[in-house]
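Participant: what would the 3D arrangement of this be:
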Amino acid sequence: MEPSPGVDVAAVTGGLAAALVVLAPRRSLLVLGIVAFAAAETALGLLLLSDAERATLTSSAGRPELLAPAVLALAALAVAFVRWPGAVPVALLAAAPFRVPVDVGDERVYLLLPLYGVLAAALAALAYRALVEEDGPRPPLLLAAPTAFVAGLAALSMLWADDVRAAGIDLVFFYLPFAVLFGVVARTRAARWTNGALAVTLIALAAFFALVGLVQVRTGDLPFARDIEVANEYTAYTRVTSLFHDPSIYGRHLAIALSLVIVCLWLERIRVVAAVPVLALIWAGLFVSYSQSSLVALFVAVLVISLLAAEPRARRILVTVSVAATIATVTIVSVLAWNESLRRATSGRSDLVANTAYVIAANPVVGVGIGGEERANREEGEKRGLLPKPSHTTPLTVAAELGALGVIAYVAFLVAAGRGLLLLHRLDRGLALSLAAALIVLVVHSLFYSGFFEDPITWGSIGLAAGTLGAASRTAPESPTPQA
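Facilitator: Numbering: from 1, shown residues only. This is a model prediction of the structure:
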């Protein structure tokens, strides 16, 4: 797809609109941001389609038997969100994991259609509340500014993107809607039961996915990952994906749920008798995913959370055992890889890092544009005789696609998240530790399997922290005015 002024305008408008939803200080600006986002998202999506794809979509959308039920369902959901705003984060979380296979031209893509539908209803409810009610909670600038910066920079990079279609896909399906998701969650008044419902939803979904995965070990049928199903025919073990199309994404979701159960155990929010079977089921599902990145992320999250929640004596034991385990693991890996080449020892990842390093060196300030790493790495790999694949490492992907500005945005996002969780810890220790566990899994996992900003749980977790902090700041008693 060739660059065009229409695509650039739609992308930049979408970035500004998403930033407005996140940052707007007044209700009128918030409504303007929502309307502009919907228009820009629709325009950018249509512009990215070929003429044939656009004609197919238009004919499908014009069928009343398809369109009417969807509109009615979204309207009913929006009404429910107006009546029970505390259900918004729960519904978004419940819809977040599900990807629906859609054929676009000759390509099959897996889209988060349930999540986009719930988000559309939540946006409509937020717009209605902004029009008829008093100002709701606003996200603190500490968290809102880095979020808007990431989304805005990604949208702006469309102006110099090497791969316009890939950039548009990343914007339409990830960066723009997820930044708006942050704004929706942060501006929604949570109910007393919201946090508990979020925990139950996450753990219940993980248990369900794990059960499906264990069944797949017996059947060998992977409807959403036929490539993995074929690969299993040539291995001594069966790798499963449950209802996901990628075992690493499946494993990441289970790792988040397991870390949350550990938080509940440390805080005594769940009995050991009840937690053990849940842990066993989800752990078994994670094991058969054979996702090493998910296992590492789980280990780090459990260790950090345990160190934060444990008593001093238990903390010393944890540190000793962890250091010993780390030394033993590094020693074993070093011995096994002693006579191997760097490429073989790292399963080819050294080539991927080298490719990305060349891309970064050639575009150090602003990168090749969002979504452009795969094409740029393929070209570098073919030119230099390296594996022509992307790095699968979020920091390197960000540096390659958005340059030094992107690295600043990424670091600012992480630092703000850490600072926000420290502030949240003073208000709600359980929520702070739970969100910290989820974010640690996501950050560590993204070091081995890129996808930090492409996971809605990343943005939703920060949005939940921002909403809690924003609500607390609005209800805090004002300091008395000094008397003369």
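Participant: residue 163 touches residue 375, doesn't it?
Facilitator: Yes: the criterion here is Cβ atoms under 8 Å, and residue 163 meets it with residue 375 at 4.6 Å. C-beta coordinates here come from the backbone N, C-alpha and C atoms, glycine included.
Participant: need the residues touching each of those two.
Facilitator: residue 368 (Cβ atoms under 8 Å, 6 or more residues apart in numbering).
Participant: can you pull out the low-pLDDT segments for this protein?
Facilitator: 1-3, 51-66, 103-107, 134-135, 333-352, 384-389, 475-484 (pLDDT under 70).
Participant: apply 50 and report the result again.
Facilitator: Residues of the chain meeting the criterion pLDDT under 50: 62, 337, 341-348, 478-484.
Participant: geometric centre of it: which residue is closest?
Facilitator: residue 455 (1.6 Å; Cα atoms, centre = their mean).
Participant: go ahead and confirm that one touches residue 439.
Facilitator: No: with contacts counted by Cβ under 8 Å, residue 455 stays clear of residue 439, the gap being 10.4 Å.
Participant: related to what we said a few turns ago, and the gap between the residue nearest to the centre of the chain and residue 273?
Facilitator: Residue 455 is 32 Å from residue 273, where distance means Cβ to Cβ, to the nearest Å.
Participant: same question for residue 457.
Facilitator: Distance from residue 457 to residue 273, by Cβ to Cβ: 28 Å.
Participant: same check, this time on residue 139
Facilitator: Taken as Cβ to Cβ, the span from residue 139 to residue 273 is 39 Å.
Participant: neighbour count for those two, which is higher?
Facilitator: residue 139 (25 against 7; other Cβ atoms under 10 Å).
Participant: that one should be in a strand, yeah?
Facilitator: No: counting by DSSP: H, G, I helix; E, B strand; the rest coil, residue 139 is located in no strand; its state is coil.
Participant: quick check: phi and psi at it.
Facilitator: phi -70, psi 140 (degrees, to the nearest 10).
Participant: do I have it right that it meets residue 22?
Facilitator: Yes: checked against Cβ under 8 Å, the pair residue 139 and residue 22 is within contact range at 6.7 Å.
Participant: tell me which stretches of this protein form strands.
Facilitator: 100-104, 107-111 (DSSP state E).
Participant: I'd like to know which of these is closest to residue 94.
Facilitator: strand 100-104 (14.8 Å; Cβ to Cβ).
Participant: how close does the nearest residue to residue 77 once chain neighbours are set aside get to residue 86?
Facilitator: Spatially, and ignoring its direct neighbours in sequence, residue 77 is nearest to residue 121 (3.8 Å; Cβ to Cβ, 6 or more residues apart in numbering). Remark: distance between residue 121 and residue 86 (Cβ to Cβ) = 15 Å.
Participant: which one of those two is surrounded by more residues?
Facilitator: Taking neighbours as other Cβ under 10 Å, residue 121 and residue 86 compare with residue 121 leading, 23 against 16.
Participant: now the residue lying closest to residue 401 once chain neighbours are set aside. Its backbone dihedrals?
Facilitator: If the residues on either side of it in the chain are set aside, residue 401 comes closest to residue 367, at 4.6 Å by Cβ to Cβ, 6+ apart. Backbone torsions for residue 367, taken as degrees, to the nearest 10, come to phi 70, psi -170.
Participant: do residue 222 as well
Facilitator: Backbone phi and psi, for residue 222 under degrees, to the nearest 10, turn out to be phi -120, psi 90.
Participant: that one contacts residue 216, correct?
Facilitator: Yes: assessed by Cβ under 8 Å, residue 222 is found in contact with residue 216 at 6.1 Å.
Participant: quick one: contacts for residue 101?
Facilitator: Here residue 101 is in contact with 108-110, 224, 245 (Cβ under 8 Å, 6+ apart).
Participant: out of these, who's nearest residue 204?
Facilitator: residue 224 (20.1 Å).
Participant: neighbours around the closest one, how many?
Facilitator: With other Cβ under 10 Å as criterion, residue 224 counts 17.
Participant: for residue 192, same thing?
Facilitator: For residue 192, using other Cβ under 10 Å, the count is 8.
Participant: from residue 86, how far off is it?
Facilitator: Applying Cβ to Cβ to residue 192 and residue 86 gives a distance of 8 Å.
Participant: and if you look at residue 178?
Facilitator: In terms of Cβ to Cβ, residue 178 sits 21 Å off from residue 86.
Participant: try residue 26
Facilitator: 24 Å.
Participant: can you check residue 268 too?
Facilitator: Counting by Cβ to Cβ - residue 268 and residue 86 are separated by 24 Å.
Participant: got it, and residue 266?
Facilitator: Counting by Cβ to Cβ - residue 266 and residue 86 are separated by 25 Å.
Participant: can you check residue 263 too?
Facilitator: Residue 263 is 21 Å from residue 86, by Cβ to Cβ.
Participant: now the terminal residues of stretch 154-172, how far apart.
Facilitator: Stretch 154-172 stretches 11 Å from its first residue to its last (Cα to Cα, to the nearest Å).
Participant: for it, which positions count as buried?
Facilitator: 154-158, 160-172 (16 or more other Cβ atoms under 10 Å).
Participant: which non-adjacent residue is nearest residue 18?
Facilitator: Per Cβ to Cβ, 6+ apart, closest to residue 18 is residue 179, 4.2 Å.
Participant: and residue 10, by the same measure?
Facilitator: residue 44 (3.9 Å).
Participant: could you verify my assumption that that neighbour touches residue 171?
Facilitator: Yes: between residue 44 and residue 171 there is a contact at 6.5 Å, judged by Cβ under 8 Å.
Participant: overlap in contacts, those two.
Facilitator: 11, 14.
Participant: how much space between residue 413 and residue 148?
Facilitator: 10 Å.
Participant: same deal with residue 324?
Facilitator: 44 Å.
Participant: these two: which is more packed in?
Facilitator: Counted by other Cβ under 10 Å, residue 324 and residue 148 do not tie: residue 148 has more neighbours, with 24 against 10.
Participant: my guess is that one contacts residue 180, does it?
Facilitator: No: contact between residue 148 and residue 180 fails when scored by Cβ under 8 Å: they sit 10.7 Å apart.
Participant: who touches both of those two?
Facilitator: With Cβ under 8 Å, 6+ apart, residue 148 and residue 180 have common neighbours 18, 22.
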